[in-house]
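> Fold the following, please.
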Amino acid sequence: MKFICLGYIEEAKWDNLSDEERQRLMKDCFDYDDELRRGGHFLGGEALDSARHAVTLRVKDGSVDVTDGPYAETREILGGILLLEARDLNHAVSLMSNHPGVKMGPFEIRPAAEEINSQIADRDKAFANEKRSQE
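Numbers count the residues shown, from 1 in each chain. Reported below is the predicted structural model:
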């Protein structure tokens, strides 16, 4: 099963770390990601830039309204995602419980929506085939 692990971070906590502490934490995270890779569990991931550089879109009075920052009014913001392969949710929890990133904030773990993702993959293939036939 695929799981999406959403890693949250309190930016003020990150900002208060020294450069050496940040580098050490990132090395620990990368090392653990390598362990997940060796076990066939790491499918990918993306770190996110600071929420200070984010915008949020929402429809307001029939048009799109753009506001600065994340939608949620909270200290903990989404810091990155990790795609994980695990037997079940308990296995995913067990694997992510050892991730050093948990020291910076919580991880939300959700099963991927396999049926919808399969439909997205089918559309991607159809689009790629259509594009090739036009070339």
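
> pLDDT weak spots in this protein?
Along the chain, segments meeting pLDDT under 70 span 71-74.

> Endpoints of stretch 45-62, how far apart?
Taking CA to CA, to the nearest Å, the first and last residues of stretch 45-62 lie 35 Å apart.

> Go ahead and name everything in contact with it.
Stretch 45-62 is touched from outside by 11, 33, 64-71, 77-83, with contacts defined as CB atoms under 8 Å, 6 or more residues apart in numbering. Heads up, the C-betas are built off the backbone N, CA and C, glycines and all.

> now with 10 Å?
For stretch 45-62, the surrounding residues in contact (CB atoms under 10 Å, 6 or more residues apart in numbering) are 4-7, 9, 11, 14-15, 26, 29, 33, 36, 64-72, 74, 76-84, 101.

> Could I have the buried ones of those residues as PyMOL selection syntax?
To isolate the buried subset of those in PyMOL, counting by 16 or more other CB atoms under 10 Å, use the following:
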select buried, resi 4+5+7+9+11+29+33+36+76+77+78+79+80+81+82+84+101
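
> Show me the contacts of stretch 45-62 that map onto strands.
4-7, 9, 64-68, 76-84 (DSSP state E).

> all helices of this protein, in order?
Taking DSSP state H as the test, the helices found in the chain are 11-15, 19-38, 89-97, 114-134.

> Using a markdown table, please lay out those together with distance to residue 54.
Formatted as a markdown table, those follow (distance: least, CB to CB, whole Å):
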| stretch | distance to residue 54 |
| --- | --- |
| helix 11-15 | 11 |
| helix 19-38 | 20 |
| helix 89-97 | 24 |
| helix 114-134 | 24 |
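
> Most tightly packed of those?
Highest mean neighbour count of these: helix 89-97, a mean of 16 (counted as mean count of other CB atoms under 10 Å).

> which residues are contacting that one?
1-5, 7, 32, 35-36, 39, 41-42, 82, 84-88, 102, 107-111.
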